[in-house]
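> fold the stuff below for me.
(chains A and B)
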Amino acid sequence: MSCRVWKERRRWAGVALVGAVVLAAPASSANVGTANGQWGSYAGDKASTKYSPLDQIDRNNARNLRIAWRRPAVADELRAKHPGLKFSNAFRSTPLMVGGVMYASNGIGLVEAFDPATGKTIWIQELPGEGDDVLRGSASRGIAYWADGEHARILAVRGPYLMAIDAKTGRLIDSFGDGGKVDLRLGLAAGPVAYSWSSGPTIVRDVVAVGGTMSDNPTRKESHRGDVRAYDVRTGRLRWTFHVVPQAGEYGVETWENDSWTYTGHANAWTMFSADEELGYLYVPLSSPTSDMYGGHRPGDNLFSDSIVCLRADTGERVWHFQTVHHDLWDYDLPAAPILGDITVGGRRIRAAIQLTKSAFAFAFDRVTGAPVWPIEERRVPASHTPGERTAPTQPFPTKPAPFDRQGVSLDDLIDFTPELRAEAEEIAKRYVLGPMFTPPSIRSTEPGGTQGTLQLPGSVGGANWGGGAFDPETGMLYVPSVTGAFAADLLPGDPEHTNLRYVRGRRLFVEGPRGLPLLKPPYGRITAIDLNTGEHKWMVPNGDGPRHHPALQHLRLPPLGQPGRAAPLLTRTLLFLGEGDPINGRTPPGGGGNRFRALDKSSGEVVWEFELPAGTTGAPMTYMHKGKQYVVVAIGGNRHPAEFVAFALPD
Amino acid sequence: MRRRFERFALVVLVALAGVSSAGLVSPSEKDTRDRMSVWEGVYTEEQARRGEATYRQECSSCHYDDLQGQGSTPPLVGEAFFSRWGSLSMDDMLTAIRTTMPQGAPASLSNQAYVDVMAHMLKVNGIPAGDVELSDDRERLKQIVVGNPPGRANQP
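This next block holds a predicted model:
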């Protein structure tokens, strides 16, 4: 742990002398992390470990956990004032807890502050104007806390604005941007373009960095680049822009042949970032370029799409990068913040960055230099038959750790609970192109009996997704939830009257197996524990029951088969908490999601506590200690259940 | 940039849609004999009213009453609607909506409820009602393409 963090711990403990030393330091004092039972960033700390050393709740007493308080996604006070207010129950929000106050993005994307002991409102962010339109918004995954001496602020993105909010009052801070707001709309010179972001800002030293969400279904080959931008955390002044598609003369522009860098966009960072305050580096996970399933208009490897990029926080200069997929045809966006953790490999201490992928790899790098921790090999992959497409001949495969989920589909991967089910599964699979991972999407035939596309595994929702993983800095263990679902990657010819893309996405259905069962072998949702000091898997358990009680399987008395939902982990001294994810949170394979929330013994994966919620989890859980009591809080919501936060604690 | 879609441009000569229907058909489909476009009166006012009630119950918490959406919830009207669906049939639309919506409970409504909501979407997009309801017969829906408003020039 760095010296600065240690000092800040003391500062939060109120030791004035050490506090003065911190104030003299040039960097911001925002690196709260999980010191003193706080939860200072979306994932606990800026390293995105999702780890807190708290241990009041442990493997022996977790069975006594009960609900301590609940709080609706939008404060009662606000809903009473605006009875017609609507909001989605896909409540992605994860609160912060700093200095005895919780802060969170609410169901319409405004920041609310509340009491960690009761969930009662302290303040609600002032509405940014009049009329019904200002009530329109949705929750962000995360917000960021920053303090400069006595003055603390919350940085949040809502709609097209980055806002600085006074942490004491909920009012916009006038000296930031234009009356407390910075307009993030892209391409302002050519006229404003819609901007939104489902994740949230990362602050490193004195800059606040943002990405953005972009439509996944473009109708033109021309699009805006999802550039990464950083603003001065005090003034809101733009400090730098990183071109996610390099421009003339910039590194990597040659990976866009036929001048395709001039018009191709996307490659945006839609998920969260990580940062190392001591190095002053920002770690950004980028996504696929326009369009994500057909690359005929963008020949080449297409840097920096699907790359982890390490940037200097003060200048935005690229320190290193690694592209996890060349010339993406699979919608393999990097879905989660890189995890920054220190490991010991072969006796050598390495400051590592771990990038989890939809494709089910955990890429491990030295986060200072970008050197792979274990060799990464370029291996040959199948070529596309789509006209105009030029597949990358090779893709990077880490030699360690082994993939954490099933990759590619062959007949061997089809269910074989009974010979009849296997035979029926083979009939279904015949309609698709099968092959190893990185088999390209194929054109859906309209002829009877023609191919319905490629069975892509992992599919477009992973493998891993935004829930990411959790890392234990004390043991070097990594815990990753992931899903398995048969996804049909199909293309259709683009109609020139509606699109200038030669091929467009098809229906991209999740393919059901026989009798409503999954097509592929279980588990359908799993958690894998990986020792990052050795690169070896330690244990793997299914997450949830899955279809074990299906009439066609009941007589087999199968163990839990796992559910393919979007679960996000929380790690403490002895426990790993996670839910099953609610399908309202985003597309999941059939059978995805569930209402259970569990604590697992992190040493074995054994379930030590299980709770039936009224809906599935929609946000990543967090934990904190307040007035001597440890709480675990998670956002839930469902198609028929209004979104809310639920807090668990042990009885008094 | 794409030229801005003019929703009410040249709503004249609805019959033209029939004449030009070959140009509206998705190139992935071959048989064009029985094709028609949504501009030929493929739903009824009454059906759109039913669809609106379902929409308000099942869809509007994210897409809002005006179908404009916000943030990562896409709008269901105007250019967004026509660029998304212009190449596709009403069966493609039913499949896409049914397999993904309502968020968190896909395929939880009857096919009739889904096509009613589609009728509401057509109405809000300025597509005129007719005398016959949009049926939930998949084979029939395959024959109805969204296409462009009549009179809209081809994009370069």
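> C-alpha from now on. contacts and neighbour counts both.
Will do.
> contacts for stretch A:400-415?
Stretch A:400-415 is contacted by residues A:359-363, A:374-375, A:421-422, A:425-426, A:434-439, A:455-458, A:463, A:480, A:482-484, A:518-522, A:528, A:530, A:532, A:535-537 when judged by Cα atoms under 8 Å, 6 or more residues apart in numbering or on different chains.
> quick one: buried residues of that stretch?
Within stretch A:400-415, the residues that count as buried by 16 or more other Cα atoms under 10 Å in any protein chain shown are A:Lys400, A:Pro401, A:Ala402, A:Pro403, A:Phe404, A:Asp405, A:Arg406, A:Gln407, A:Gly408, A:Val409, A:Leu414, A:Ile415.
> mind giving me TSV with the residues you listed and columns for secondary structure?
Formatted as TSV, the buried residues of stretch A:400-415 follow (DSSP: H, G, I helix; E, B strand; the rest coil):
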residue	secondary structure
A:Lys400	coil
A:Pro401	coil
A:Ala402	coil
A:Pro403	coil
A:Phe404	coil
A:Asp405	coil
A:Arg406	coil
A:Gln407	coil
A:Gly408	coil
A:Val409	strand
A:Leu414	strand
A:Ile415	coil
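> residue ranges in the chain under the pLDDT threshold?
No chain in the question, so chain A it is. Within chain A, the segments meeting pLDDT under 70 span A:1-30, A:186-192.
> let me rephrase: I mean chain B.
B:1-34, B:149-156.
> name the residue of it that lies nearest to chain A.
In chain B, the residue found nearest to chain A is B:Gly104; the distance is 3.3 Å by Cα to the nearest Cα.
> A:Asp582 is in contact with that residue, correct?
Yes. Contact criterion Cα atoms under 8 Å: B:Gly104 and A:Asp582 qualify, at 6.7 Å.
> identify the residues contacting the residue nearest the centre of chain B.
In chain B, the centroid-proximal residue (Cα atoms, centre = their mean) is B:Leu122; its distance is 4.8 Å. By Cα under 8 Å, 6+ apart, the residues touching B:Leu122 are B:Val38, B:Pro128.
> report the buried members of the contacts of stretch A:400-415.
In the contacts of stretch A:400-415, the ones that pass as buried (16+ other Cα under 10 Å) are A:359-363, A:374, A:421-422, A:425-426, A:434-435, A:437-439, A:455-458, A:463, A:480, A:482-484, A:518-522, A:528, A:530, A:532, A:535, A:537.
> the residue nearest to the centre of chain B belongs to a strand, doesn't it?
No. Counting by three-state DSSP, B:Leu122 is not found in a strand; it is helix.
> just to revisit the earlier point, list residues touching both of B:Gly104 and A:Asp582?
By Cα under 8 Å, 6+ apart, the residues touching both B:Gly104 and A:Asp582 are A:Gly638.
> of the two, who's got more company?
Comparing B:Gly104 with A:Asp582 by neighbour count (other Cα atoms under 10 Å in any protein chain shown), the higher total belongs to A:Asp582, at 32 against 24.
> surely the more buried one meets A:Arg596?
No. Counting by Cα under 8 Å, A:Asp582 sits too far from A:Arg596 to count as a contact (9.8 Å).
> list residues touching both of those two?
A:Gly616.
> that older thread, now the residue of chain B closest to chain A, what's its secondary structure?
The three-state label given to B:Gly104 by three-state DSSP is coil.
> next one: phi and psi at it?
phi 90, psi -20 (degrees, to the nearest 10).
> for it, which residues are in contact?
Counting by Cα under 8 Å, 6+ apart, B:Gly104 makes contact with A:Asp582, A:Pro583, A:Ile584, A:Asn585, A:Gly586, A:Arg587, A:Gly638, A:Asn639.
> between those residues, which sits nearest B:Val145?
Of all the contacts of B:Gly104, B:Val145 sits closest to A:Arg587, with 25.9 Å by Cα to Cα.
> show me where the stretch 201-350 of chain A has its strands.
All strands of the stretch 201-350 of chain A, identified by DSSP state E, counting those that start in this stretch, fall at A:202-204, A:207-210, A:228-232, A:238-242, A:274-276, A:281-285, A:307-312, A:318-323, A:339-345, A:348-356.
> please name whichever of those is nearest to chain B.
Ranking these by their distance to chain B (criterion: Cα to the nearest Cα) puts strand A:207-210 first, at 15.3 Å.
> and that closest one, is it in reach of chain B?
No. Strand A:207-210 does not reach chain B (Cα under 8 Å from any Cα of the partner chain); its nearest approach is 15.3 Å.
> go on, stretch A:134-153?
Yes. Judged by Cα under 8 Å from any Cα, stretch A:134-153 comes into contact with chain B at A:Arg136, A:Gly137, A:Ser138.
> that stretch: end-to-end distance?
22 Å (Cα to Cα, to the nearest Å).
> for stretch A:62-81, same thing?
End residues of stretch A:62-81 are separated by 39 Å (Cα to Cα).
> can you pull the buried residues of it?
Under the neighbour-count criterion of 16+ other Cα under 10 Å, stretch A:62-81 has A:Ala62, A:Arg63, A:Leu65, A:Ala68, A:Trp69, A:Arg70, A:Arg71, A:Pro72, A:Ala73, A:Val74, A:Ala75 buried.
> same deal with stretch B:119-133?
For stretch B:119-133, burial by neighbour count (16+ other Cα under 10 Å) applies to B:Ala119, B:His120, B:Met121, B:Leu122, B:Lys123, B:Val124, B:Asn125, B:Ile127, B:Pro128, B:Ala129, B:Glu133.
> was I right about the fifth one contacting B:Gly130?
No. Taking Cα under 8 Å as the definition, B:Lys123 is not a contact partner of B:Gly130, at 10.7 Å.
> can you pull the residues that touch both of the two?
Joint contacts of B:Lys123 and B:Gly130 (Cα under 8 Å, 6+ apart) do not exist.
> for the residue in the stretch 551-652 of chain A that chain B sits nearest to, give me phi and psi.
Closest residue of the stretch 551-652 of chain A to chain B, Cα to the nearest Cα: A:Ile584 (3.3 Å). The phi and psi values for A:Ile584, taken as degrees, to the nearest 10, are phi -70, psi -20.
> which residue packs closest to it, ignoring adjacent ones?
Excluding the flanking residues, the one nearest A:Ile584 by Cα to Cα, 6 or more residues apart in numbering or on different chains is B:Gly104, at 3.3 Å.
> okay then, goodbye and thanks.
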